[in-house]
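K.L.:
Predicted model, plus sequence, below.
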Amino acid sequence: MIFKRFILITCLLGAAAAKAQLLPSFGNSRTGGTGMQFLKISPDARSMSLAGAAVAVANDASAMYWNPAGITGVDTGKVNLSLSHSRYFGDINSNYVGAVFKAGRHSFVGIQVFSLDYGDMKETTEFDPNGTGRNFGINNYFIGLTYAKVLTNNFSFGLNGKYANESFAGINVHNVLFDLGLKYDVGVKHTRFGVNFSNFGLNVKPTGGVQVLKFDGMQNISNFSDISVPALFRLGLAFDPIHNNEHVLTLAGQLNHPTDNNETYVLAAEYSYLKIGYLRTGYEFGSDENYIGPSAGLGLKILRRFGGFMLDYGFVARNRLGYNQRITLGIVIR
């Protein structure tokens, strides 16, 4: 019965080829309708290799981003750490640090920090296309605290509180946001559901000002419109058709419904051998930016007396933006 339901949901996910929307759009795609777009950038290599199908499967510190309820499945004694680095197009780098601690028999807490490093950028205008001689900087980061609790043997929930900052050439946007995550284990074929509501917060007005050269001279601009955040609803399903001491095969599907773009749908698979070596792949349907084939990645788990290491690598290639790579190091201290 569970398998039949999974097949049905998989077929619905495949409707992306017809540009279908499972949830109402309330104004079509609304592309570019929000600020703080960096909040959409995932932090870890495992999710990159799965094309983002992580809401139902994330079970390390990166679950604070994908589904805060997922940290209830983190392998942790004293602490579980996750360190990630990504290199994007245009020499943009992202860095992520997450740590999860067990706070009680059924409670977990975590902290996460994410930042983007753009480096110095040359200022250009329509009057000085080769540069004005001035440089400017862009700064994006968020800091989050997470609490999650196991309510029953099958059901858990998690809550994130985040402070997010976006700065651009002297203009600053500050916001406080919240995420809610739910996870349910069916108990058949290791089937689990994950639900995530991300980036809920109030619209905020940017502060600061900028000088802009107009035809009648320099003008100071300091009055800006309110900026909303890219709220996102994710629904994920995963199950293991193969699960024994040697081999584990996980199949996952996910629906992503953002407030500022079209829905996307993801299908992904992860294979592990002896829970030491991992192979992963995934594909996102309906994305504005076409992919050159599926995403892919590798993982290696090394156990030690003090705990262990997990090294993950993710790779994805896009038509216009080129390829991205991400490396994540996980550390478990018992």
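P.N.:
Received it, and whenever you're ready, just let me know what you need. Numbers count the residues shown, from 1 in each chain.
K.L.:
Mind listing what's buried along the helix or strand hosting residue 157?
P.N.:
Using DSSP states H and E, residue 157 falls within strand 155-168. If you call a residue buried by 16 or more other C-beta atoms under 10 Å, then strand 155-168 has these buried ones: 156-158, 160, 162, 164-168. From N, CA and C alone the C-beta is placed, and that goes for glycine too.
K.L.:
for it, what is the average pLDDT?
P.N.:
Averaging pLDDT along strand 155-168 gives 95.
K.L.:
Any chance you could give me it in PDB, C-alpha atoms only?
P.N.:
Output of strand 155-168 as PDB, limited to C-alpha atoms (Å, rounded to 0.1, in the frame of the first residue of the first chain):
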ATOM      1  CA  PHE A 155       6.800  11.800  15.000                       C
ATOM      2  CA  SER A 156       9.200  14.700  15.700                       C
ATOM      3  CA  PHE A 157       9.100  18.500  15.200                       C
ATOM      4  CA  GLY A 158      11.700  21.300  15.000                       C
ATOM      5  CA  LEU A 159      11.800  25.000  15.100                       C
ATOM      6  CA  ASN A 160      14.400  27.500  13.800                       C
ATOM      7  CA  GLY A 161      14.900  31.100  14.800                       C
ATOM      8  CA  LYS A 162      17.200  33.000  12.400                       C
ATOM      9  CA  TYR A 163      18.700  36.500  12.200                       C
ATOM     10  CA  ALA A 164      19.500  37.300   8.500                       C
ATOM     11  CA  ASN A 165      21.400  40.300   7.100                       C
ATOM     12  CA  GLU A 166      21.900  41.500   3.600                       C
ATOM     13  CA  SER A 167      24.200  44.400   2.800                       C
ATOM     14  CA  PHE A 168      24.900  46.000  -0.500                       C
END
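K.L.:
Which helix or strand lies directly C-terminal to that strand?
P.N.:
strand 171-185.
K.L.:
could you say what helices and strands the next helix or strand after that following strand packs with?
P.N.:
Proceeding N to C from strand 171-185, the next assigned helix or strand is strand 192-200, under DSSP H and E. Applying 3 or more C-beta pairs under 8 Å, 6 or more residues apart in numbering; DSSP states H and E, one finds that strand 192-200 contacts strand 171-185, strand 232-243.
K.L.:
For residue 252, which of these is the nearest?
P.N.:
strand 232-243 (4.0 Å; C-beta to C-beta).
K.L.:
Please enumerate residues in contact with that closest one?
P.N.:
The contact list for strand 232-243 (C-beta atoms under 8 Å, 6 or more residues apart in numbering) reads 2-3, 6, 9, 23, 40, 53-57, 66-67, 189-199, 248-259.
K.L.:
Pairing partners for that strand, with directions?
P.N.:
Applying DSSP bridges to the sheet, strand 232-243 is found paired with strand 192-200 (antiparallel), strand 247-258 (antiparallel).
K.L.:
Out of those, the one nearest residue 173 is which?
P.N.:
strand 192-200 (13.2 Å).
K.L.:
Please name whichever of the helices and strands packed on strand 192-200 is nearest to residue 115.
P.N.:
strand 171-185 (15.0 Å).
K.L.:
circling back: would you reformat the helices and strands packed on strand 192-200 as JSON lines and include mean neighbour count, distance to residue 102 and mean pLDDT?
P.N.:
Shown next, in JSON lines, are these (neighbours: other C-beta atoms under 10 Å; distance: least, C-beta to C-beta, whole Å; pLDDT from 0 to 100):
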{"stretch": "strand 171-185", "mean neighbour count": "18", "distance to residue 102": "17", "mean pLDDT": "95"}
{"stretch": "strand 232-243", "mean neighbour count": "19", "distance to residue 102": "24", "mean pLDDT": "96"}
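K.L.:
Residue 168 contacts residue 121, correct?
P.N.:
No - using C-beta atoms under 8 Å, residue 168 makes no contact with residue 121, being 9.8 Å away.
K.L.:
picking up where we left off before, Serialize the helices and strands packed on strand 192-200 to a markdown table and add fields for distance to residue 317.
P.N.:
Converted to a markdown table, those look like this (distance: least, C-beta to C-beta, whole Å):
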| stretch | distance to residue 317 |
| --- | --- |
| strand 171-185 | 29 |
| strand 232-243 | 23 |
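K.L.:
Tell me which of the ones you listed lies nearest to residue 225.
P.N.:
strand 171-185 (11.5 Å).
K.L.:
and the closest one, what does it pack onto?
P.N.:
strand 138-150, strand 155-168, strand 192-200, strand 207-208.
K.L.:
what about those strands, which gets the closest to residue 83?
P.N.:
So among the helices and strands packed on strand 171-185, strand 138-150 is nearest, using C-beta to C-beta, at 15.6 Å.
K.L.:
Quick one: list the elements packing against that closest one.
P.N.:
Using 3+ C-beta pairs under 8 Å, 6+ apart, strand 138-150 sits against strand 107-117, strand 155-168, strand 171-185.
K.L.:
Flag the shaky bits of the chain, pLDDT-wise.
P.N.:
1-32, 76, 213, 215 (pLDDT under 70).
K.L.:
Give me the most central residue, it.
P.N.:
residue 42 (2.9 Å; C-alpha atoms, centre = their mean).
K.L.:
how near is that residue to residue 50?
P.N.:
Separation of residue 42 from residue 50 (C-beta to C-beta, to the nearest Å): 10 Å.
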